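>>> 3D model of this:
(chains A and B)
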Number of protein chains: 2
Amino acid sequence: MSQEAAISVIHDTDKNVLDIILSRRSQRAFADTPVTSEQVETLFEAAKWAPSSVNEQPWQYIYANKGEELWDVIFGTLHEGNQVWAKNAPVLVVSLARTTFSRNGRANAYAMYDLGGANVLLSLQATSMGLNVHQMGGYDHEGLRQALRVPSDLELGVIMAIGFPGDGEQLPEQLRERDRAPRVRRPLEDFVMNKTY
Amino acid sequence: MSQEAAISVIHDTDKNVLDIILSRRSQRAFADTPVTSEQVETLFEAAKWAPSSVNEQPWQYIYANKGEELWDVIFGTLHEGNQVWAKNAPVLVVSLARTTFSRNGRANAYAMYDLGGANVLLSLQATSMGLNVHQMGGYDHEGLRQALRVPSDLELGVIMAIGFPGDGEQLPEQLRERDRAPRVRRPLEDFVMNKTY
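Have a look, this model is predicted:
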């Protein structure tokens, strides 16, 4: 087991799981270290290799670097509980999905599902680069939609805070503890079966 | 670049993307080689490490091995275009997501989104073990729901055909060619921007 994998509560049955999967986590503490535009691009290059329904690739991303007006706009829509820690994130990314197929305009029921896959690839790629990605669903959806002038055929997904992990000294104590707690998951028997309901 | 990465149309900008991401693909050809129950379990152990809204872990899986009655039931709901090739898959997996939060019963808008992430981790883990995962949205949703007696708070996701990749000799020629074509993706400028719409 790698050192990084120690951040998760690993059971014997996890022994064969890829290290890169076990070592991903969503932290709240960010370092001041800037993220280069090449690094940000590599994250999106990874995301795009996700599978999608008839290869539609419904995902779209708007990113902003701290210091840009766009970063402030996105940050301003976050719920207060997220602003407390996301204020230190060098990069904020809004993820969206087109809910109609480009080839025929029909509804794509798998748009958000496919976006979920793309964002996990983005997060794994980040992990491999020493970067931390924290997804947030807690924000003013309608406010963000208006501020970004999002077309009606696009659905808003999560906002991601991205940066190099910090030591958490700037976080309230409670969040610092949550950031350091090992990741926990349900056991297999809770969600896998070889029979009908 | 690894040999496996040659299955994708790789551009210079992809050079930093993880090999495991570049080498995943969804094939239709399966070998006769059986998949062990330990291998199947490892796939679910990988899936469970996906991130999810307030760590709800909304995913659920029903799997069936070829030869079991349950496999026939699931297979019977697939659209004909999928049955043509999925008939050779040693394992079929139905993925589902609970659309309410277990702690308060409220609607979980991110259930399918989170399932998408879990299924991508499952697919990457499979890739690392030499296994192929092909996701299918084309099946009789209502028929499968009834056959599996799926509770109403669960939403049906994709069905996955899983097995070791085959040479495609048993596939119709058209599918064989699609199976061997390199994977193609939109360029970054099509789906990433640093501004509002």
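>>> tell me which stretches of chain A form strands.
In chain A, the strands defined using DSSP state E lie at A:59-65, A:91-98, A:132-136, A:154-163, A:192-193.
>>> pLDDT wise, what is the nearest residue in space to A:Asn55 that is not next to it in sequence at?
Using CB to CB, 6 or more residues apart in numbering or on different chains and skipping residues adjacent in sequence, the residue nearest A:Asn55 is B:Val184, 7.7 Å away. C-betas here are computed from N, CA, C, even on glycine. Here the pLDDT value assigned to B:Val184 is 92.
>>> so who does B:Val184 touch?
Contacts for B:Val184 (CB atoms under 8 Å, 6 or more residues apart in numbering or on different chains) come out as A:55, B:8-9.
>>> buried ones among the residues you listed?
Among the contacts of B:Val184, those scoring as buried are B:Ser8 (criterion: 16 or more other CB atoms under 10 Å in any protein chain shown).
>>> go through the contacts of B:Val184 and name the one with the lowest pLDDT.
Confidence by pLDDT is poorest for B:Ser8 among the contacts of B:Val184, given 75.
>>> residue in chain A with the shortest distance to chain B?
A:Gly116 (2.9 Å; CB to the nearest CB).
>>> hmm, that residue is touching B:Leu121, no?
No: using CB atoms under 8 Å, A:Gly116 makes no contact with B:Leu121, being 10.6 Å away.
>>> the two: which is more packed in?
When A:Gly116 and B:Leu121 are compared for neighbours, A:Gly116 comes out ahead with 32 against 28, by other CB atoms under 10 Å in any protein chain shown.
>>> wait, what's in contact with the residue nearest the centre of chain A?
Centroid-nearest residue in chain A, with CA atoms, centre = their mean: A:Gln135, separated by 3.8 Å. Counting by CB under 8 Å, 6+ apart, A:Gln135 touches A:26, A:119, A:123, A:158-160, B:51.
>>> and A:Glu169, by the same measure?
A:Glu169 sits next to A:29, A:176 when contact means CB under 8 Å, 6+ apart.
>>> going along the chain, name the helices of chain A.
For chain A, the helices defined by DSSP state H occupy A:19-22, A:37-47, A:69-77, A:80-86, A:111-128, A:141-148, A:173-180.
>>> in the lowest-mean-pLDDT helix or strand in chain A, what counts as buried?
Of the helices and strands making up chain A, the lowest-confidence element is helix A:173-180, at a mean of 92, by mean pLDDT, DSSP states H and E. Within helix A:173-180, the residues scored as buried using 16+ other CB under 10 Å are A:175-176, A:179.
>>> dump that helix to PDB, restricted to CA.
The C-alpha trace of helix A:173-180 is given here as PDB (Å, rounded to 0.1, in the frame of the first residue of the first chain):
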ATOM      1  CA  GLU A 173     -10.600  23.900  13.500                       C
ATOM      2  CA  GLN A 174     -13.700  21.800  12.700                       C
ATOM      3  CA  LEU A 175     -13.000  21.800   8.900                       C
ATOM      4  CA  ARG A 176      -9.300  21.200   9.600                       C
ATOM      5  CA  GLU A 177     -10.200  18.000  11.400                       C
ATOM      6  CA  ARG A 178     -12.600  16.900   8.700                       C
ATOM      7  CA  ASP A 179      -9.900  17.500   6.100                       C
ATOM      8  CA  ARG A 180      -7.600  15.100   8.000                       C
END
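>>> next, see if that helix gets close to chain B.
No: against chain B, helix A:173-180 shows no contacts by CB under 8 Å from any CB of the partner chain, the least distance being 10.8 Å.
>>> point out where chain A drops to low pLDDT.
A:1-6 (pLDDT under 70).
>>> who touches A:Val35 in this structure?
The neighbours of A:Val35, taking CB under 8 Å, 6+ apart as the test, are A:65, A:90-91, A:131, A:162-164.
>>> circling back to that earlier point, let me know which of the helices of chain A is tucked in deepest.
Across the helices of chain A, the average number of neighbours (mean count of other CB atoms under 10 Å in any protein chain shown) peaks for helix A:111-128, which reaches a mean of 27.
>>> let's see it as CSV, backbone CA atoms only.
Only the C-alpha atoms of helix A:111-128 are listed here, as CSV (Å, rounded to 0.1, in the frame of the first residue of the first chain):
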residue,chain,number,x,y,z
ALA,A,111,-25.8,14.2,-19.8
MET,A,112,-25.3,14.7,-16.0
TYR,A,113,-24.3,11.1,-15.6
ASP,A,114,-21.6,11.5,-18.3
LEU,A,115,-20.4,14.8,-16.7
GLY,A,116,-19.9,12.8,-13.4
GLY,A,117,-17.5,10.5,-15.2
ALA,A,118,-15.6,13.3,-16.8
ASN,A,119,-15.2,15.1,-13.5
VAL,A,120,-13.8,12.0,-11.8
LEU,A,121,-11.2,11.6,-14.5
LEU,A,122,-10.3,15.2,-14.0
SER,A,123,-9.9,14.6,-10.3
LEU,A,124,-7.8,11.5,-10.8
GLN,A,125,-5.5,13.4,-13.2
ALA,A,126,-5.3,16.1,-10.6
THR,A,127,-4.3,13.6,-7.9
SER,A,128,-1.5,12.3,-10.1
